[in-house]
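Asks: pasting the sequence and the predicted model now:
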Amino acid sequence: MSFELLYFRDSDRIIRKKKMGNVILSTLRYLDDVLQGTLYRGELLRQALSDMDWRQEPLSILDGRRYQYKGLRAGVAIDGSFSSYEYIQDALLRLQVGFDKKKIEVGIVLLTAQRSEKSPFGSTKELVEQEIQDLHPTISMPVVVALFDLGGPGIYSDETKAESKDQQSEANTPESEANPQGSEEQNQDRIPAARKKRPKSRSGKEQVETCPA
């Protein structure tokens, strides 16, 4: 797994009480598989959460407004962003509103664990712990922060390019150039099917293929 879970304010106890531990863990594992190395993660995230039944309930945060959580299931709401760590404050505020209005009991914040190497704030885990503490009492709800390391975009495209280069190298090997018989066989394979004739039987009639009984 390329993610780490941080629990705050008895969120782990509430999740166990609601018997949602396995559901949440399997969902996060699925997100890790689907989003690893991808570029456009917003739509993929929504689709993955829909696949795991996190978008069946009304997702609105405020009645009559378009603000929505990424997912909601059995009183547990999911929000967050993989594009920037700084989204943690927005996600926590959105979850706190739902908690104060009794719509949810616990929140999950999805975040990227990747930050600038020049950051003076230590590890991402240490920064999250300090930030949750500093935001109290404004943010007082039970919350789980999931830190994902999804890698950089373009990983799969680089692998595809490498495979293409390997295939081109194999096609230009001296062995293929020095094998004229192989070239003749390839030319025969290119003959259109319409030019090939079926063999005739001794009676002069075409043979008819039958399925074995």
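Replies: Received, thanks. Residues are numbered from 1 along each chain as shown.
Asks: just the buried positions in stretch 50-62, please.
Replies: Neighbour-count burial for stretch 50-62, counted by 16 or more other Cβ atoms under 10 Å, picks out 52, 54, 55, 59, 61. C-beta here means a position set from N, CA and C on the backbone, and glycine is covered the same way.
Asks: just give the closest residue to the fourth one, not the sequence neighbours.
Replies: Okay, so that is residue 59. Counting by Cβ to Cβ, 6 or more residues apart in numbering, residue 68 is the residue found nearest to residue 59 once chain neighbours are left out, at 4.0 Å.
Asks: okay, now the one you found: neighbour count?
Replies: Neighbours of residue 68 under the rule other Cβ atoms under 10 Å: 16.
Asks: can you check the one 5 residues further on too?
Replies: Summarising burial for residue 73: neighbours were counted as other Cβ under 10 Å, giving 20.
Asks: please verify my assumption that it contacts residue 23.
Replies: Yes - counting by Cβ atoms under 8 Å, residue 73 does reach residue 23; the two are 7.3 Å apart.
Asks: contacts only, for the residue nearest to residue 59.
Replies: Listed by Cβ atoms under 8 Å, 6 or more residues apart in numbering, the contact set of residue 68 reads 59, 60, 61.
Asks: how about the last one: what's its closest non-neighbour residue?
Replies: It refers to residue 61. Leaving aside its sequence neighbours, residue 61 sits nearest to residue 67 (Cβ to Cβ, 6+ apart; 4.2 Å).
Asks: about what we covered before: what's the closest of the contacts of residue 68 to residue 102?
Replies: The nearest member of the contacts of residue 68 to residue 102, counting by Cβ to Cβ, is residue 61 at 12.8 Å.
Asks: that closest one and residue 55, how far apart?
Replies: Look at residue 61 and residue 55: by Cβ to Cβ, to the nearest Å, they are 14 Å apart.
Asks: what pairs with the residue nearest to residue 59 across the strands?
Replies: residue 60 (DSSP bridges).
Asks: what of the one 5 residues further on?
Replies: Per DSSP bridges, residues listed as beta-bridge partners of residue 73: residue 76.
Asks: need the pLDDT of it.
Replies: Listed pLDDT for residue 73 reads 97.
Asks: and residue 135, by the same measure?
Replies: In the predicted model, residue 135 carries a pLDDT score of 96.
Asks: share the number of residues neighbouring it, please.
Replies: When neighbours are counted by other Cβ under 10 Å, residue 135 comes out with 15.
Asks: try residue 10
Replies: Neighbourhood size, residue 10 [other Cβ under 10 Å]: 12.
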